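S.K.: model this:
(one chain, ligands or ions: 1)
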Amino acid sequence: MNRQLTMDSRVKEVFAHPVGHDILAKVLLQTGMSSALVNNPVVGNMKLKHISKLTGKILDAGFWDVFLKLLNSEHDVPYTSHEPETHAWWKEAVFYQIYPRSFCDSDGDGIGDLQGIISKLDYLQDLGVDALWLSPVYDSPNDDNGYDIRDYEKIQAEFGTMEDFDTLLEEVHKRDMKLIMDLVVNHTSDEHRWFQEALKDPDSPYRDYYFLRESRDIPNNWTSFFSGSAWNHYEGDLWGLHLFSKKQMDLNWDNPALREEIISMINRWLDKGVDGFRMDVINYISKTEGLPDGDPSVGELMGYTGIENYYYGPHLHEYLREIQAKAFTPHQAFSVGETPGLGMRMAQLVTGEERRELNAVFSFDHLETPGHVRFEDYKYDLNFYRDFILEYIESAGNNSRVTLFWNNHDNPRMISKITDNTAMHKHLSILLAVLQMTLKGIPFVYQGDEMGLKNVPFRGMQDISDVESKGKYEELIQKMSEEEAWKIILAGTRDHARVPLPWNRVPEGEEYRLQMADEDVTEAYRTLIRIRREHKALIYGDMHVINRFRDHFCFTREDDTEILKIETNLSEREVTAQSHKGYVLLYPSVIQNEKILAPYEARIWYRKK
Ligand code: TEU
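M.R.: Residues are numbered from 1 along each chain as shown. Got it, this is the predicted structure:
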């Protein structure tokens with residue numbers, strides 16, 4: 001139980017608090033400062049009131065008020081267990097994320113579909129993946145490519161029919177694979193029946209399914225993730241909250257009737273045999289009562305005004321436990337939450353097995369290096385990833401498990417962020433696969449990773465379809481040239497991960513969107529996934545760091561029967577290889593010289609106990 005923290009509390013006390021740790025770590029990450037600063041004894045012993053004098057304008061009094069309010073709202077301490085780990089299929093599985101729109105188009109309309117996915121199940125089984133995560137396939141007007149759901153229980157017509165879905169699920173299970181779907185319940189499309197009813201009739205019970213406010217003035221200063229205000233203004237001075245696009249209306253999870261509706265819908269999908277869900281921005285579902293204004297300095301720092309009022313809301317744990325108890329646990333289904341903004345200590349408070357909230361989360365703090373953002377053309381340093389993921393794995397202990405992913409449908413391709421030297425991309429892709437399959441966690445391969453796909457040479461905004469990028473571009477050209485704005489969009493647009501995979505045809509003139517698959521990378525993924533399956537030490541074994549020199553990372557995974565030693569070069573220069581007496585070489589990514597690790601080379605050594 002944490003005592004109330006105040007401006008007289010010391011930095012070390014605050015950093016020991018899960019919310020304090022994660023917020024300070026985020027502030028350091030955003031501002032490009034090392035978290036070692038907080039571990040400095042002089043800094044650690046300083047009182048917040050003195051620190052606040054040093055941070056002046058960046059973190060003003062408003063920030064510290066918000067900061068302490070959030071900390072003092074969380075009285076639980078995360079528990080990191082080192083007891084023997086429980087076993088579960090989802091801890092052993094390699095997941096593969098499918099973005100249906102661009103995965104495989106079976107009928108030549110230029111849009112991926114369910115029959116296309118079915119046609120690639122043998123390919124996926126041969127790759128060795130165990131479970132598929134399907135991005136939304138529900139009926140949607142596609143304002144946010146399906147993350148704006150109009151009917152949770154109808155299949156998007158351009159993807160196929162419910163019969164196609166039933167066939168897909170049956171064929172996945174026939175191959176001893178699992179299928180999890182995307183659960184987008186922080187918001188619905190404004191074309192959803194509930195929202196249409198709510199707009200039409202002020203006395204409709206659906207009006208309280210959303211955040212609809214009758215007021216002369218805009219209800220608060222919150223901004224949307226997709227630029228502009230987070231409020232739509234309807235006739236009759238009615239305002240509707242949307243954290244994302246203007247057509248994605250936030251659901252009011254404080255309404256028990258809404259929660260029951262959503263939980264019943266989840267249960268109907270689980271009753272069909274779906275094996276679990278990835279839960280879209282699930283940490284946003286509880287908002288601060290009264291929807292108060294966001295603090296301007298927090299908004300400035302985080303890029304989104306109002307975020308402190310919903311990214312870790314007052315009833316989040318309660319609602320997650322309700323969904324878990326009424327839907328996931330009775331079906332023994334897997335739940336992985338997408339939780340933007342939650343750091344590793346807060347993640348422990350939603351994924352620790354004893355918490356009965358979620359099995360795992362996607363946290364995004366590893367996707368940009370300190371002081372950088374997605375919409376920025378910079379070079380990602382894998383040494384940062386190594387240090388970040390080691391701390392995260394340590395924090396998760398044996399009662400939680402981190403997710404290991406380089407890419408998803410919301411980010412540019414990681415190999416392009418690390419280097420634009422395309423001659424290095426093959427070995428770099430394989431290095432990322434080695435780390436993903438040997439670190440302690442749950443691997444999520446994003447479609448195309450196994451082909452070594454990189455960013456797309458988009459020619460201009462005419463090639464961009466993502467609602468987020470379009471909104472950002474309009475915002476940017478208010479303050480800079482079109483050329484400068486385009487450079488920023490090109491660096492960070494989600495469209496890089498959403499072009500058709502190479503086995504599709506593309507319309508004439510759009511050949512720039514097609515990339516060549518690298519068969520060597522695919523073979524490497526196939527081999528590494530097999531090695532992970534054959535060596536349980538890579539799943540449940542303990543992890544020990546041998547060394548973490550600059551650019552050189554070596555660690556072991558060990559259980560009662562075997563030790564695997566993974567040695568990697570995180571850079572484009574050569575590094576001296578270690579000797580591994582008593583081990584046999586299980587996997588070389590590229591052997592040129594036994595004593596030297598080539599750029600981005602990875603080796604897996606093996607010793608039976
Ligand atoms: O993403 C939420 C999320 O964290 C990212 O979209 C990020 O907020 C956004 O790119 C702005 O930086 C989930 C889905 O993965 C995404 O595709 C949806 O657009 C979004 O929620 C709304 O449903």
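
S.K.: and the strands in the stretch 351-500 of the chain, which stretches?
M.R.: Using DSSP state E, counting those that start in this stretch, the strands of the stretch 351-500 of the chain run over residues 360-362, 403-404, 442-446.

S.K.: tabulate these (a markdown table), appending distance to P412 and mean neighbour count.
M.R.: To be clear about C-beta, it is placed using only N, CA and C from the backbone, and glycine gets the same treatment. Shown next, in a markdown table, are the strands of the stretch 351-500 of the chain (distance: least, Cβ to Cβ, whole Å; neighbours: other Cβ atoms under 10 Å):
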| stretch | distance to P412 | mean neighbour count |
| --- | --- | --- |
| strand 360-362 | 16 | 25 |
| strand 403-404 | 18 | 22 |
| strand 442-446 | 11 | 24 |
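
S.K.: so which of those is nearest the ligand?
M.R.: Checking the strands of the stretch 351-500 of the chain against the ligand by Cβ to the nearest ligand atom gives strand 360-362 as the closest, at 8.7 Å.

S.K.: what pairs with the closest one, parallel or antiparallel?
M.R.: strand 334-338 (parallel) (DSSP bridges).

S.K.: and the strand it pairs with, how far out from the chain middle?
M.R.: From the chain centre to the centre of strand 334-338 is a distance of 10 Å (Cα atoms, centre = their mean, to the nearest Å).

S.K.: how about the strands of the stretch 351-500 of the chain, which one is nearest V94?
M.R.: The closest of those to V94 is strand 442-446. By Cβ to Cβ, the value is 4.8 Å.

S.K.: for the closest one, C-alpha coordinates in CSV please.
M.R.: Coordinates of each C-alpha in strand 442-446 appear next as CSV, following Å, rounded to 0.1, in the frame of the first residue of the first chain:
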residue,chain,number,x,y,z
ILE,A,442,5.2,-13.9,-26.5
PRO,A,443,6.3,-13.4,-30.1
PHE,A,444,3.9,-11.5,-32.4
VAL,A,445,5.0,-11.6,-36.0
TYR,A,446,3.4,-8.9,-38.1
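
S.K.: give me the contact list for it.
M.R.: Residues from elsewhere that reach strand 442-446 (Cβ atoms under 8 Å, 6 or more residues apart in numbering): 90-91, 93-97, 129, 133, 336, 360, 362, 401-409, 436-437, 497, 525, 532.

S.K.: the ligand next: which of these are close?
M.R.: Counting by Cβ under 6 Å from any ligand atom, H409 from these sit close to the ligand.

S.K.: can you tell me which of the contacts of strand 442-446 are in helices?
M.R.: W90, K91, Q436, M437, Y525, R532 (DSSP state H).

S.K.: what does the chain have sitting close to the ligand?
M.R.: For the chain, the residues in contact with the ligand (Cβ under 6 Å from any ligand atom) are D144, Y147, V184, F225, F244, D280, V281, E338, P340, H409, D410, E468.

S.K.: in the lowest-mean-pLDDT helix or strand in the chain, what counts as buried?
M.R.: Ranked by mean pLDDT, DSSP states H and E, the weakest helix or strand in the chain is helix 36-39, scoring a mean of 82. If you call a residue buried by 16 or more other Cβ atoms under 10 Å, then helix 36-39 has these buried ones: V38.

S.K.: can you tell me what sits against the helix or strand just after that helix?
M.R.: Per DSSP states H and E, the first helix or strand lying C-terminal to helix 36-39 is helix 41-44. Here helix 41-44 makes contact (Cβ under 8 Å, 6+ apart) with R10, V11, K12, F15, L37, V38, I51.

S.K.: average pLDDT for helix 41-44, rounded please.
M.R.: Helix 41-44 shows an average pLDDT of 91 in the prediction.

S.K.: next: stretch 428-439.
M.R.: Taken as a whole, stretch 428-439 has a mean pLDDT of 98.

S.K.: on that earlier part again, ChimeraX command for the buried members of the contacts of strand 442-446?
M.R.: Only the buried entries of the contacts of strand 442-446 go into this ChimeraX selection, using 16+ other Cβ under 10 Å:
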select :90,91,93,94,95,96,97,129,133,336,360,362,401,402,403,404,405,406,407,408,409,436,437,497,525,532
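
S.K.: sorry, back to before: what's the least confident helix or strand of the chain in contact with?
M.R.: Contacts to helix 36-39, defined as Cβ under 8 Å, 6+ apart, come from residues V11, K12, F15, L24, L28, V43, G44.
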